[in-house]
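Asker: how does the following fold in three dimensions:
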Amino acid sequence: MLDTAHNRPDLPPEIARRRTFAIISHPDAGKTTLTEKFLLYGGAIQMAGQVRAKGEARRTRSDYMQMEKDRGISVSASAMSFDFNNFRFNLVDTPGHSDFSEDTYRTLTAVDAAVMVIDGAKGVESQTRKLFEVCRLRDLPILTFCNKMDRESRDTFEIIDEIQENLAIDVTPASWPIGVGRDFLGCYDMLNDRLELMDRADRNKVAESIKIEGLDDPKLAENIPAHLLEQLREEVEMARELLPTLNPQSVLEGHMTPIWFGSAINSFGVKELMDGIGAYGPEPQPQSASPRQISPEEKKVSGFVFKVQANMDPKHRDRVAFVRMASGHFKRGMKLTHVRTKKPMAVSNPVLFLASDRELADEAWAGDIIGIPNHGQLRIGDTLTEGEALRVSGIPSFAPELLQSARAGDPMKAKHLEKALMQFAEEGAAKVFKPAFGSGFIVGVVGALQFEVLGSRIEMEYGLPVRFEASQFTSARWVTGEKAAVEKFTEANKQHISHDHDGDVVYLTRLQWDIDRVERDYPDITLSATKEMMV
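Answerer: Numbering: from 1, shown residues only. As a prediction, the model looks like this:
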């Protein structure tokens, strides 16, 4: 395994065997199905489920919210850990739906690599492009899986060209498909010179693989019809001449992506992809923080919260903070310092996730993702250390693109609604603004579907019917500047001012003109569309 910085010490073996990655894709490319198969191969579940299964028979494990089950989409990012060969995989499944992109962006700050899933018939889609940009910002290594090859799909070279052109990254084939759609038989493994054959009869069975000696091996003719074999030989020869060969260092630097072909629903190509993550994926990387970066091999434990999920178990009103361990060897019961409040916290019941099942985590190493149940002390962006005042940086919060005012269906329950909304604000599921004038709250989200999710969660988890109504405002900006300048500004623009759940001043606007006017009339005030989640 090549290390990016050559002067870094070797990682302890327990840390070096960890691979922490996210799966990104456009909705419906088959991301959740692929996650299920990973769990199946990792021995974590006995039978893989389908997102749209009939009845309760075999639902997916990673979609646990009622709404996810009803609609067949993933709404919130879920984390899972399992072993595969000698590796420990920490997998974060992210929502592909663009309405939940903020959850996804934050998740990408907590992983070392991304697996990009592409639909063989549709190629690179809009949401894939957006997520890819975020990976670019962080130079994340990317491995690609081209799914649904058992359906009618596009020409292999065409798919590869599209990835290279759209995403400006070198693509190198790790496997090559044999036939497409109904004729899809399997793949030729270009890295290990093996023939992988797909079994359509049993979807939960691992494909059989035949070791061959190059493309002239007579064993090929026994398993592949002549016209497909001829086409395979031609295409592989062309691919070897036209496309770059795999360079592990370029993959780690994020300039090159190996691509595997397969069909997740038929469990085909998944194992090869997992072997690839083990072989070419990065080990836990240093984490940027201030005043210094945190290296995974440091003895002292540190970690940061990248996601908070409330009411994962509605019976207990619990909140779980998802913490990515950045360094050290954590043991259950350790006292860690909560940097924002400077208070010690005894972490007595940390959990490891296996989709919706969780078990107590007795220990965790750098690279792992653990859940810490708490009653609201931990927020997104918080750092936990063994005493040193470090703050992990680079976790963004985006200005909402849609604003609506929220009212409780029962006016007597306005107080309860405030509590529920604050909980969702801390979870990062929505921005909640309290206007300086008037009553009620203004809720801001990135995508319209989030209002539905919020409404249904408030009703299910708190028993409160809630109404979202159109608001006169269309966007929100955080206000920063010298204290006196900010006070003068808020005094003059009271009807536009509100505060977010951290108490920061927010300027609500109706038109782009409002923003331009402020920039002209108040040169010492800055309006920004993102806020670093630092406290």
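Asker: let me see the ranges of the strands in the stretch 51-200 of the chain.
Answerer: For the stretch 51-200 of the chain, the strands defined by DSSP state E, counting those that start in this stretch occupy 78-84, 87-93, 113-119, 142-147, 170-173, 175-178, 186-189, 194-197.
Asker: can I get these in JSON lines with mean neighbour count, mean pLDDT and distance to Ala239?
Answerer: In short, each C-beta sits where N, CA and C put it, glycine included. Shown next, in JSON lines, are the strands of the stretch 51-200 of the chain (neighbours: other CB atoms under 10 Å; pLDDT from 0 to 100; distance: least, CB to CB, whole Å):
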{"stretch": "strand 78-84", "mean neighbour count": "22", "mean pLDDT": "80", "distance to Ala239": "28"}
{"stretch": "strand 87-93", "mean neighbour count": "24", "mean pLDDT": "86", "distance to Ala239": "28"}
{"stretch": "strand 113-119", "mean neighbour count": "25", "mean pLDDT": "89", "distance to Ala239": "17"}
{"stretch": "strand 142-147", "mean neighbour count": "25", "mean pLDDT": "91", "distance to Ala239": "14"}
{"stretch": "strand 170-173", "mean neighbour count": "20", "mean pLDDT": "92", "distance to Ala239": "5"}
{"stretch": "strand 175-178", "mean neighbour count": "24", "mean pLDDT": "90", "distance to Ala239": "6"}
{"stretch": "strand 186-189", "mean neighbour count": "26", "mean pLDDT": "86", "distance to Ala239": "10"}
{"stretch": "strand 194-197", "mean neighbour count": "20", "mean pLDDT": "81", "distance to Ala239": "16"}
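Asker: turn those strands into TSV, including distance to Ile372.
Answerer: Output for these, formatted as TSV (distance: least, CB to CB, whole Å):
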stretch	distance to Ile372
strand 78-84	12
strand 87-93	16
strand 113-119	24
strand 142-147	29
strand 170-173	39
strand 175-178	40
strand 186-189	41
strand 194-197	41
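Asker: to Ala484, which of those lies closest?
Answerer: Closest approach to Ala484 among the strands of the stretch 51-200 of the chain is made by strand 87-93 (43.6 Å; CB to CB).
Asker: and the closest one, what does it pack against?
Answerer: Applying 3 or more CB pairs under 8 Å, 6 or more residues apart in numbering; DSSP states H and E, we find strand 87-93 packed against strand 18-25, helix 31-41, strand 78-84, helix 270-280.
Asker: who wins for proximity to Leu360 among these?
Answerer: Distance to Leu360, taken as CB to CB, is lowest for strand 78-84 among the helices and strands packed on strand 87-93, at 13.0 Å.
Asker: what inclination does that closest one have with respect to strand 18-25?
Answerer: Orientation check (axes from the mean of the first three to the mean of the last three CA atoms, to 10 degrees): strand 78-84 against strand 18-25 gives 130 degrees.
Asker: just how off-centre is strand 78-84 within its chain?
Answerer: With CA atoms, centre = their mean, to the nearest Å as the basis, strand 78-84 stands 13 Å off its chain's centre.
Asker: can you show me the CA trace of that strand as CSV?
Answerer: C-alpha atoms of strand 78-84 as CSV (Å, rounded to 0.1, in the frame of the first residue of the first chain):
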residue,chain,number,x,y,z
SER,A,78,-26.1,5.4,7.6
ALA,A,79,-22.8,3.9,8.8
MET,A,80,-21.9,0.2,8.9
SER,A,81,-18.8,-1.7,9.9
PHE,A,82,-17.8,-5.2,8.9
ASP,A,83,-14.8,-7.4,8.2
PHE,A,84,-13.8,-8.7,4.8
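Asker: alright, that wraps it up for me.
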